[in-house]
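[1] this one's sequence-less:
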């Protein structure tokens, strides 16, 4: 007479089993079992930011990004790597055809929201990079990461033999790339097994 008696009885049985199981093993082990069956794992990923600007001689620019800008279910940062490149401008104006531009010097610093700092070494090679690594036991804080672009001495314009100064160089343009390595929590599909509730539901269907 009642078509769904079997389903109702089976569902009631499932509820009883889940309740008993929770009472026996406790809420936390049950939650751990569910998490294990649904395959939530921390996965390494990365994201890049770019910027550019002009720094004055013996001056400083800053570039910032926030942990809130990182995509995914953010768990923690493992490292931040900043890479800077620049090209000295060609001489211009009077005497430019016979003058040379001495190289400009740059360096990079990285500062985390919790005050960890990594300082780079000044160089005039046209590119430099610095990496801040975060240890696993670091108590991380969310907030702004600060990249400091420091311009040192800007090489001036000199004649062919370098003994006659023909002009001043007081600034230079730069290009910055920041790569952030971090972990996110994702549901990983590996085709192994089914969740505990799926298994119980299959039992209900089979019992009808």
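    Noted; the coordinates are in hand. In this text the structure is predicted, and so the values were computed from the model without any measurement.

[2] Going by contacts, tell me the helices and strands next to the host helix or strand of residue 55.
    Element membership for residue 55 (DSSP states H and E) is strand 40-56. In this structure, strand 40-56 packs against strand 60-66, strand 144-154, strand 171-187, with contacts taken as 3 or more C-beta pairs under 8 Å, 6 or more residues apart in numbering; DSSP states H and E. The way it works is simple: take the backbone N, C-alpha and C, and place the C-beta from them, glycine included.

[3] List the buried residues in it.
    For strand 40-56, the neighbour count (16 or more other C-beta atoms under 10 Å) marks 49, 51, 55 as buried.

[4] ok, so of those, who is nearest residue 116?
    residue 49 (18.5 Å; C-beta to C-beta).

[5] pretty sure the closest one contacts residue 82?
    No. If you go by C-beta atoms under 8 Å, residue 49 and residue 82 don't touch, sitting 9.4 Å apart.

[6] From residue 173, how far out is residue 56?
    Going from residue 56 to residue 173 by C-beta to C-beta, to the nearest Å gives 11 Å.

[7] what does residue 123 give?
    From residue 123 to residue 173 the distance is 17 Å (C-beta to C-beta).

[8] Over to residue 179?
    From residue 179 over to residue 173 (counting by C-beta to C-beta), the distance is 21 Å.

[9] what number of residues lie near residue 122?
    Using other C-beta atoms under 10 Å, residue 122 has 14 neighbouring residues.

[10] show me what contacts it?
    105, 106, 107, 150, 152 (C-beta atoms under 8 Å, 6 or more residues apart in numbering).

[11] what's the one helix or strand the third one maps to packed up against?
    Spelled out, it's residue 107. Here residue 107 is covered by strand 104-111, with elements defined by DSSP H and E. Applying 3+ C-beta pairs under 8 Å, 6+ apart, one finds that strand 104-111 contacts strand 74-85, strand 117-119, strand 127-133, strand 144-154, strand 171-187.

[12] picking up where we left off before, export the helices and strands packed on strand 40-56 as JSON lines, with columns for distance to residue 88.
    Listed next are the helices and strands packed on strand 40-56 as JSON lines, based on distance: least, C-beta to C-beta, whole Å:
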{"stretch": "strand 60-66", "distance to residue 88": "17"}
{"stretch": "strand 144-154", "distance to residue 88": "8"}
{"stretch": "strand 171-187", "distance to residue 88": "7"}
